[in-house]
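Colleague: I would like the atomic coordinates for the input below:
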Amino acid sequence: MTASGHVPVMLREVLDLLAPRAGGLYLDATFGGGGYTAAILDAADCTVFAIDRDPDAIARGAALAARHPGRLHLIEGRFGDMVDLLAARGVSALDGVAFDLGVSSFQLDEAARGFSFRAEGPLDMRMGRSGASAADLVNTLDERALADLIHRFGEERHARRVARAIVRARAEAPIATTSRLAAIVRAAVPRAADGIDPATRSFQALRICVNEELDELARGLAAAIGLLSPGGRIVAVSFHSLEDRIVKHAFAEAAGRAPGASRHHPAALAARPVPRLRLLTPKPLMPGADEAAANPRARSARLRAAERLAAVAA
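Modeller: Alright, predicted model coming up:
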């Protein structure tokens, strides 16, 4: 646990796979509470660049940067833009990149940010401070678009029922708070036997859409793989199947393990790309029972890692 109370998920496994070394350059692509960054800085006499689109996260990191003068560089921005953000600071290659995906504990715990259905707050959900909010989506999208969004990003099988309930409720008054939206969803979705709150999937869907998380993840992974030096490592911790699927595909494709075309298809005649990664985790790692019991957020975590191969001469 960090001094701020943030609990980094699967920290030991992340450090073991990232293997920080003295003199190395590392990127924490999702700074959040700074747990991974602090551990990397403590593990080796290295330099860390840390990106977060949330200005509050960057402000919180000032104390950590002060404890490691010249070794921690905080960058406000989207990790999908890491190539340009790092180039502006003279960095074109990295020895390791870590991703801790999804919403941070700080964002969930601060009711005013509007991420959580467990606390009363404005229906916002923006990780940054710009763009459309969750309230904008639920009050302006038509029923079909809402249903598609909730089904695609929340994998909610009652998406049409939820969308219908939202449209009916907003006709009476705009939906402006997390508590009102949660009540609408709970009334529309049967409670599951596993005890998961019926609002969970719909809130996840809106958050992912508001922050363009899946597109951002695909961009960020591609950029990170391109920035790694030979022997450099990339580690990604995801928290739901949509994220994990993107990580799995990106790593498999870069490792030359993506499914090829049928041998009867003309595309099969083309030369397969030279592998750029070596998979370090053929199957995702999951938290141990003790960690899952102590930190509920860790229960759904899946960790994948890979290592950059040496470039092949033309």
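
Colleague: use CA for all of it now, contacts and neighbours both
Modeller: Fine.

Colleague: and for Glu143, the neighbour number?
Modeller: One way to gauge burial is a neighbour count; for Glu143, by other Cα atoms under 10 Å, it gives 20.

Colleague: next: the one 5 residues further on.
Modeller: Burial measure for Asp148: 17 neighbouring residues, criterion other Cα under 10 Å.

Colleague: centroid-nearest residue for this structure?
Modeller: The structure's the chain has its C-alpha centroid closest to Leu101; by Cα atoms, centre = their mean the separation is 2.1 Å.

Colleague: gap between the lengthiest strand in the chain and the chain center?
Modeller: When secondary structure is assigned using DSSP state E, the longest strand within the chain turns out to be strand 228-238. The chain centroid and the centroid of strand 228-238 are separated by 15 Å under Cα atoms, centre = their mean, to the nearest Å.

Colleague: give me the contact list for it.
Modeller: Contacts of strand 228-238 from elsewhere in the structure, counted by Cα atoms under 8 Å, 6 or more residues apart in numbering, are 14, 17-18, 93-102, 224-225, 244, 247, 301-311.

Colleague: just the strands in the stretch 1-150 of the chain please.
Modeller: Using DSSP state E, counting those that start in this stretch, the strands assigned to the stretch 1-150 of the chain run over residues 25-28, 47-52, 72-76, 94-100.

Colleague: among those, which is nearest Ile150?
Modeller: Ranking those by their distance to Ile150 (criterion: Cα to Cα) puts strand 94-100 first, at 23.1 Å.

Colleague: quick one: strands adjacent to that closest one?
Modeller: Each strand that strand 94-100 pairs with, and the sense of that pairing, follows from DSSP bridges: strand 25-28 (parallel), strand 228-238 (parallel).

Colleague: before we move on, back to that, the residue nearest to the centre of the chain - nearest residue in space that isn't next to it in sequence?
Modeller: The spatial neighbour of Leu101 that comes closest, neighbours along the chain excluded (Cα to Cα, 6 or more residues apart in numbering), is Ser238 at 5.3 Å.

Colleague: rewinding a little: for PyMOL, write the select line for the buried members of the contacts of strand 228-238.
Modeller: The following PyMOL line selects those of the contacts of strand 228-238 that are buried, judged by 16 or more other Cα atoms under 10 Å:
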select buried, resi 14+17+18+93+94+95+96+97+98+99+100+101+102+224+225+244+247+301+302+303+304+305+306+307+308+309
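
Colleague: check contacts around Leu18.
Modeller: Contact criterion Cα under 8 Å, 6+ apart gives 96-98, 233-235 as the residues in contact with Leu18.

Colleague: let me fix that, I meant to ask about His151.
Modeller: If you count contacts by Cα under 8 Å, 6+ apart, His151 has them with 157-159, 205.

Colleague: how about low-confidence regions in this structure?
Modeller: Applying pLDDT under 70 to the chain picks out residues 1-6, 109, 258-272, 312-314.

Colleague: can you do 90?
Modeller: For the chain, the stretches with pLDDT under 90 are 1-8, 102-120, 127-131, 190-196, 257-274, 292-300, 310-314.

Colleague: just the helices in it please.
Modeller: Per DSSP state H, the chain has helices spanning 11-18, 35-43, 55-60, 62-67, 82-87, 105-109, 134-140, 143-154, 159-170, 178-188, 200-211, 213-227, 241-254, 289-294. These are given in chain order.

Colleague: redo these as TSV? Include distance to Leu280.
Modeller: Formatted as TSV, the entries for those read as follows, by distance: least, Cα to Cα, whole Å:
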stretch	distance to Leu280
helix 11-18	8
helix 35-43	19
helix 55-60	30
helix 62-67	30
helix 82-87	23
helix 105-109	28
helix 134-140	37
helix 143-154	28
helix 159-170	37
helix 178-188	40
helix 200-211	28
helix 213-227	14
helix 241-254	10
helix 289-294	22
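
Colleague: please work out which of these is packed deepest.
Modeller: helix 200-211 (a mean of 23; mean count of other Cα atoms under 10 Å).

Colleague: if we can go back for a sec, point out the most buried one among the strands paired with strand 94-100.
Modeller: Among those, the stretch with the highest mean neighbour count (mean count of other Cα under 10 Å) is strand 25-28, at a mean of 26.

Colleague: thinking again about what came up before, for the contacts of Leu18, which one is nearest Ala119?
Modeller: Nearest to Ala119 among the contacts of Leu18 is Ala98, at 30.1 Å by Cα to Cα.

Colleague: is the closest one bridged to anything, and to what?
Modeller: On DSSP bridges, the residues paired with Ala98 through beta bridges are Asp28, Val235.
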